[in-house]
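Undergrad: I'd like to go over a predicted model; first the sequence, then the structure.
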Amino acid sequence: MKKTAPNSTIIHICQKLNQRNLITAYGGNVSMRIGNKVIITPTKFALAELGEDDLVVIDMDGNVLFGVHKPSSETHLHLEIYKAREDVNGIVHTHPAATTAFAYTGEPIIPINPESMQYLSNMITVPYYPFGSAELANAAGQAAMNAHALILERHGIVALGEDLYAAYNLTELVEQTALMNLYLRILKGGV
């Protein structure tokens, strides 16, 4: 994998999320930690349309250090996870269709193939709190201590990685596993 500048990496991941239909409209946010700073996507922007100059640099307290836009409405969720997990340097939060459907129904996403059994064996569902709330940020930070994939009840997914590519790959894996769960239920005649 070719090394790229952090801003370029974030834009590349946002484009991949769009290409794989893992984001829609203004939903979702992406961040990357570099030392004691975090680069995060801005609020009220379609991730697929972002340019490098649209990104926002914040400190670990959420203070804007650089950028002309307001950081994501889920900034505190990202920061609480980074504070809880020193090994996490990339976070992807999205609302992909199949995973979000499971998040709304409360039905578990069962790891059913070797890859999902290896990487998704410890998915945790975070109870519902309003998006952007301190309660959601705190609950996600607590849950992140024991998992790399968090299903946010009635909301979506947060994937954590040692880098942003690992978080992206986990996002893709969770959605594909959710789709496989749906297909199996249809084939078996269950609803």
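TA: Thanks, I have it.
Undergrad: in the host helix or strand of residue 100, what counts as buried?
TA: Under the criterion of DSSP states H and E, residue 100 resides in helix 97-105. Going by neighbour count (16 or more other C-beta atoms under 10 Å), the buried part of helix 97-105 is 98-100, 102-103. Every C-beta, even on glycine, is put in place using the N, C-alpha and C of the backbone.
Undergrad: just put these in a markdown table and tack on pLDDT.
TA: As requested, the buried residues of helix 97-105 are exported to a markdown table (pLDDT from 0 to 100):
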| residue | pLDDT |
| --- | --- |
| 98 | 97 |
| 99 | 97 |
| 100 | 96 |
| 102 | 96 |
| 103 | 96 |
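Undergrad: now the two most distant members of these.
TA: Farthest pair in the buried residues of helix 97-105 (C-beta to C-beta) is 98 and 103. Separation: 9.8 Å.
Undergrad: among the buried residues of helix 97-105, which one sits closest to residue 91?
TA: The nearest member of the buried residues of helix 97-105 to residue 91, counting by C-beta to C-beta, is residue 99 at 15.6 Å.
Undergrad: pretty sure that closest one contacts residue 105?
TA: No - the pair residue 99 / residue 105 is not scored as a contact, 11.1 Å apart, by C-beta atoms under 8 Å.
Undergrad: off-centre distance for stretch 17-30?
TA: On the basis of C-alpha atoms, centre = their mean, to the nearest Å, stretch 17-30 sits 10 Å off its chain's mean C-alpha point.
Undergrad: now stretch 55-71
TA: Offset of stretch 55-71 from its chain centre (C-alpha atoms, centre = their mean): 18 Å.
Undergrad: residue 52: what's it in contact with?
TA: Contact analysis of residue 52 by C-beta atoms under 8 Å, 6 or more residues apart in numbering lists 7-8, 10-11.
Undergrad: and the pLDDT at it?
TA: As predicted, residue 52 sits at a pLDDT of 93.
Undergrad: after the helix holding residue 100 comes which helix or strand?
TA: As assigned by DSSP H and E, the chain's next helix or strand after helix 97-105 is helix 114-119.
Undergrad: whichever helix or strand comes after that following helix pairs with which strands, and in what direction?
TA: Going down the chain from helix 114-119, the next helix or strand is strand 124-126, by DSSP H and E. Strand pairing for strand 124-126, determined by DSSP bridges: strand 149-152 (parallel).
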